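**Q** My questions concern the predicted model and sequence given below.
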Amino acid sequence: MLELYNTLTRKKSALVPHEKGKFSVYTCGPTVYRDAHIGNLRSYLMADWIRRTLQVLGHEVTHIKNITDVGHMRQEVLEQGEDKVIAAAIAEGKTPAQIAQFYTQRFLDDELAINILPADEFPKATEHVNEMIEIIGSLLHSSLAYEVDGNIYYDINSFPTYGNLSGNIHESELQEAVRIESDPLKKDPRDFTLWKKAEEGRTLKWASPWGDGFPGWHIECSAMSIKYLGKHIDVHTGGVDNIFPHHEGEIAQSEGYTGSQVVNHWVHGQHLLADGVKMAKSAGNAFIIPDLLERGIDPLAFRYLCMTAKYRTRINFTFTSLKACETALNKLRRHYILFNKSSQKGASNIDAVKEWNERLIAIVCEDLNMPGLIDGIWRLIESSDVGKLDKAEILRSIDDLMGLGLDSTADMYDLPEKIVGKSTERSALRVSFDYEGSDRLRTEIEKQGYLVEDSKDHTTVRFKDSSEIREERWKTISSSSEVASNIFHESLIPVTVGVVVNGYPDDTRRCISSVIRWTDFDQTEIIVLDNGATDLTGELLEEMAKNQENLQVIHADHTLGDGSAKNILLKMARGEIFVLLDPSVEIKGDFVKRIENLLEDPKVGIAGLAGLRTEDLLHFHDGEGQSGQMDAMQGYCVALKREDLKKVGLMRESFRYYRNLDLDYSFQFKEQGFSIIADHTLPMELHEHRGWTALSEGERDELSRKNYGRFLKKWRGRTDMLVSNK
Ligand code: AMP
Ligand code: ZN
């Protein structure tokens, strides 16, 4: 029996079906005006493992996952600026339905890529408005809801157990939790909307007995869960953010409608954080499955990663951990293939196979202990008292539950004849101690894309796996912490020029070639961070570096935050002077001498092209065309003495977007007593600034605002440091 924590009872208990042997499972599905990020997918993986476990235990499962294609009731959708995406799509002549269709298909592809079993139905909210209207009508009829001017609200005071699921029982907590929107039509600010009257000009609306309008968010799940699973639902899943208000509202609606308890077991999965913070498109860390695919990372590695933590604990997702999981998964696959190929001595031990299977399933039955299962299978792999074919059999069977797709792993040892021939030839050379010859053959085999692994008494040759193929291209880093700092080391060269590029090969070429042209080869090192580009910028840089010995390229395996990316350059630099350039800059003359002159004064901390001044920290004027003392230096060109880094330190990595990071870093210098000097006549031309133009207005505003908040939080009140007060 599968035991799970029930959010409603706050206890672990066994799942018991309403109808013997048959389980009904409802999962709150995706909002399809955008891609599902890997955090969302973690929730769906949890539901998938629950379903698979029930099936492995011999039950029949009906699984429903709704598609929220009426996203306009979700504040978050508005906040993320995605309504603009919709607006843009509509401007291109697409209908909301086409947009929803597009993202639904992408969602199904994502689920397929990580082996989530498709739900039996994916009902769409827009196709169930009649069912919603029926429930709302019935709630009105029984006075659990009331109408005001074409709007229908749920009267939570008439549903005594409202608040039981989330624990938001006290009025003050509830008010806090709903962050009361000022809707003067509500009797109680905590009442929630079931139906909203369509405002003038709205295109997406439905006719109802109360006039044209559209449904609230929670009502869709009551309508679709009851329609497809009936009035007794065994398991309902979602992420923890769904508990309130979504599921609290769903209970009030469904039970108000049916008159009895509908959902028996509420299961909520904890969130996935990315690089330590909440995932949000605006933070640039809402990774999606195509992000992994574009970078050649096996998406099933993400499935494996989610198995390494219990569903009620947070996962901090990093690319480092993802790649470690990919390596582990590939190793597991190799074991599986080799076990299958082995010629086991003696008959299969049916009892042992059965016992292992039961033992592994029992681990999972304890509150879906997937990390325990991972541990169990590795113990199985290493165990000496199970035959290899038996191990293969146990793994195949438990994979019905894990869903790692072991059985569809391509046989990496199934080599073309000519490679087998070479390998045999090489083994013969090894036996006769002809190491020179065997090394030559090894190189030949590896050149053709295979991996040769020698152990003491034998050699295996196999196809390379996804991570080996990737690493063959170039080494990548996943975070700034992987880079050792040279700050406290001696300078080795007069100048380091550092550039972070986020794609755009043409810009990259223009900027880097101009630097090469206007710097002395033996006086300058150029370090370029390819910040996870997937548009051939990495290849271009490799090509450029081939002919340019003082050009060093580092590749990030995903897009790092701007603060981290720039810190990597600051840490790696060995020049006395460090010049950070934005790829929008094209050098037009000998800038190094000029910068060296500006920085000669020990009081000067930062020199650059375009400064900013402020009187109050609230308004920064573009010191355009101005030279002299500044309050901050814009990020296009920031030059500093590496020596001063010892005092000032690195940039703040919480700045993931570039904007206002330059202000913040400038103030770090000012705080240490350094001044900031601009020279607008430096020989540089500014081209289109992609960090700015690549984003929509809404995205820019939001990101800038967030960074500005970070800036102000630290520097508010420090007007003493400003030029105007000196
Ligand atoms: P949405 O598309 O926003 O309705 O979210 C789909 C599902 O993903 C819901 O069950 C959410 O609770 C869940 N979810 C949202 N963010 C995360 C996250 N960061 N980690 C795990 N699950 C999440
Ligand atoms: Zn829902």
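**A** Looks like it arrived, so ask away. Ligands and ions are numbered 1, 2, ... in the order given.
**Q** Can you get me a residue count around the residue of the stretch 451-600 of the chain found nearest ligand 1?
**A** Closest residue of the stretch 451-600 of the chain to ligand 1, C-beta to the nearest ligand atom: residue 558 (16.7 Å). Yep, even glycine has a C-beta here, placed from its N, CA and C like the rest. Using other C-beta atoms under 10 Å, residue 558 has 24 other residues around it.
**Q** and what of the one 3 residues further on?
**A** The tally of other residues near residue 561 (other C-beta under 10 Å) stands at 25.
**Q** Tell me the residues on the stretch 101-250 of the chain that lie near ligand 1, please.
**A** Counting by C-beta under 6 Å from any ligand atom, the stretch 101-250 of the chain comes close to ligand 1 at 238, 239, 241, 242.
**Q** Can you tell me the SS state at the first one?
**A** At residue 238 the chain is in strand, as set by DSSP: H, G, I helix; E, B strand; the rest coil.
**Q** With the one 4 residues further on instead?
**A** Per three-state DSSP, the secondary structure class of residue 242 is helix.
**Q** Next, find the distance separating it from residue 9.
**A** 17 Å (C-beta to C-beta, to the nearest Å).
**Q** So for these two, which sits in the more crowded spot?
**A** residue 242 (22 against 12).
**Q** How about the more buried one, nearest residue that isn't a chain neighbour?
**A** residue 28 (5.5 Å; C-beta to C-beta, 6 or more residues apart in numbering).
**Q** Let me know how buried the one you found is, in neighbour terms.
**A** Around residue 28 there are 24 residues (other C-beta under 10 Å).
**Q** Now do the contacts for it.
**A** Residue 28 is in contact with 43, 65, 66, 221, 236, 237, 238, 239, 242, 246, 247, counting by C-beta atoms under 8 Å, 6 or more residues apart in numbering.
**Q** what's the neighbour count on residue 385?
**A** 7.
**Q** returning to that earlier point: for the residue of the stretch 451-600 of the chain closest to ligand 1, list the residues it contacts.
**A** 287, 291, 295, 319, 478, 532.
**Q** ok, how many other residues are close to the fourth one?
**A** Same thing as residue 319. When neighbours are counted by other C-beta under 10 Å, residue 319 registers 24.
**Q** My guess is it contacts residue 560. True?
**A** No - using C-beta atoms under 8 Å as the test, residue 319 is too far from residue 560 to be in contact (9.3 Å).
**Q** can you list residues touching both of those two?
**A** Listed as contacting both residue 319 and residue 560 by C-beta under 8 Å, 6+ apart are residue 479.
**Q** low-scoring pLDDT stretches of the stretch 351-500 of the chain, where are they?
**A** For the stretch 351-500 of the chain, no stretch has pLDDT under 70.
**Q** So the residue nearest the centre of the chain versus ligand 2, what's the distance?
**A** Among the residues of the chain, the one closest to the centroid is residue 287, at 2.7 Å (C-alpha atoms, centre = their mean). Applying C-beta to the ion, to the nearest Å, the value for residue 287 to ligand 2 is 23 Å.
**Q** tally of neighbours for the residue nearest to that residue when sequence neighbours are not counted?
**A** Leaving aside its sequence neighbours, residue 287 sits nearest to residue 38 (C-beta to C-beta, 6+ apart; 5.1 Å). Neighbour count of residue 38, defined by other C-beta under 10 Å: 27.
**Q** contacting residues for residue 38?
**A** Going by C-beta under 8 Å, 6+ apart, residue 38 touches 272, 274, 279, 287, 288, 289, 302, 317.
**Q** These in strands, which ones?
**A** Among the contacts of residue 38, the members falling in strands are 272, 274, 317 (criterion: DSSP state E).
**Q** mind listing what the closest residue to the last one other than its chain neighbours touches?
**A** In other words, residue 317. Counting by C-beta to C-beta, 6+ apart, residue 317 lies nearest to residue 274, which is 4.8 Å off, once chain neighbours are set aside. Counting by C-beta under 8 Å, 6+ apart, residue 274 makes contact with 38, 39, 283, 285, 286, 287, 316, 317, 318.
**Q** Let me know the outermost residue of the protein.
**A** Distance from the centre of the chain peaks at residue 432, with 52.4 Å (C-alpha atoms, centre = their mean).
**Q** Next one: that one from residue 591, what distance?
**A** Distance, residue 432 to residue 591, using C-beta to C-beta: 62 Å.
**Q** Same question for residue 300.
**A** From residue 300 over to residue 591 (counting by C-beta to C-beta), the distance is 49 Å.
**Q** Can you spell out the domain ranges of this structure, please?
**A** Per automatic domain parsing, the domain ranges recorded for the chain read 3-269, 289-406, 417-464, 476-721.
**Q** Write down the beta-bridge partners of residue 500, one by one.
**A** Residue 500 has these beta-bridge partners by DSSP bridges: residue 529.
**Q** residues contacting it?
**A** 528, 529, 531, 562, 565, 566, 569, 583.
**Q** In TSV: those, plus neighbour count.
**A** Shown next, in TSV, are the contacts of residue 500 (neighbours: other C-beta atoms under 10 Å):
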residue	neighbour count
528	27
529	27
531	23
562	24
565	25
566	28
569	21
583	25
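**Q** Buried ones in stretch 378-386, by neighbour count?
**A** Within stretch 378-386, the residues that count as buried by 16 or more other C-beta atoms under 10 Å are 380, 381, 386.
**Q** Run through the residues that contact the last one.
**A** I take that to be residue 386. Here residue 386 is in contact with 349, 352, 356, 380, 394 (C-beta under 8 Å, 6+ apart).
**Q** Which residues outside stretch 10-27 are in contact with it?
**A** Here stretch 10-27 makes contact (C-beta under 8 Å, 6+ apart) with 1-6, 43-44, 47, 50-51, 54, 58-66, 119, 221, 224-225, 228-230, 232-238, 263-265, 367.
**Q** May I see the buried residues of it?
**A** 15, 17, 23, 24, 25, 26, 27.
**Q** same check, this time on stretch 474-484
**A** 476, 477, 478, 479, 480, 483.
**Q** cool, stretch 554-574 as well?
**A** By neighbour count on 16+ other C-beta under 10 Å, the buried set for stretch 554-574 is 554-574.
**Q** CA atoms only for that stretch, dumped as PDB, please.
**A** Output of stretch 554-574 as PDB, limited to C-alpha atoms (Å, rounded to 0.1, in the frame of the first residue of the first chain):
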ATOM      1  CA  ILE A 554      35.200  30.100 -21.300                       C
ATOM      2  CA  HIS A 555      31.800  28.400 -22.000                       C
ATOM      3  CA  ALA A 556      29.000  28.400 -19.500                       C
ATOM      4  CA  ASP A 557      26.600  25.500 -19.900                       C
ATOM      5  CA  HIS A 558      23.600  27.800 -19.300                       C
ATOM      6  CA  THR A 559      22.900  31.500 -19.000                       C
ATOM      7  CA  LEU A 560      24.500  32.600 -15.800                       C
ATOM      8  CA  GLY A 561      23.200  35.800 -14.100                       C
ATOM      9  CA  ASP A 562      25.100  38.900 -15.200                       C
ATOM     10  CA  GLY A 563      26.800  39.400 -11.800                       C
ATOM     11  CA  SER A 564      28.100  35.800 -11.800                       C
ATOM     12  CA  ALA A 565      29.200  36.000 -15.400                       C
ATOM     13  CA  LYS A 566      31.200  39.200 -14.800                       C
ATOM     14  CA  ASN A 567      32.700  37.900 -11.600                       C
ATOM     15  CA  ILE A 568      34.100  35.000 -13.500                       C
ATOM     16  CA  LEU A 569      36.100  37.400 -15.700                       C
ATOM     17  CA  LEU A 570      37.100  39.400 -12.600                       C
ATOM     18  CA  LYS A 571      38.400  36.300 -10.900                       C
ATOM     19  CA  MET A 572      40.200  35.000 -13.900                       C
ATOM     20  CA  ALA A 573      41.900  38.200 -14.900                       C
ATOM     21  CA  ARG A 574      45.700  38.400 -14.500                       C
END
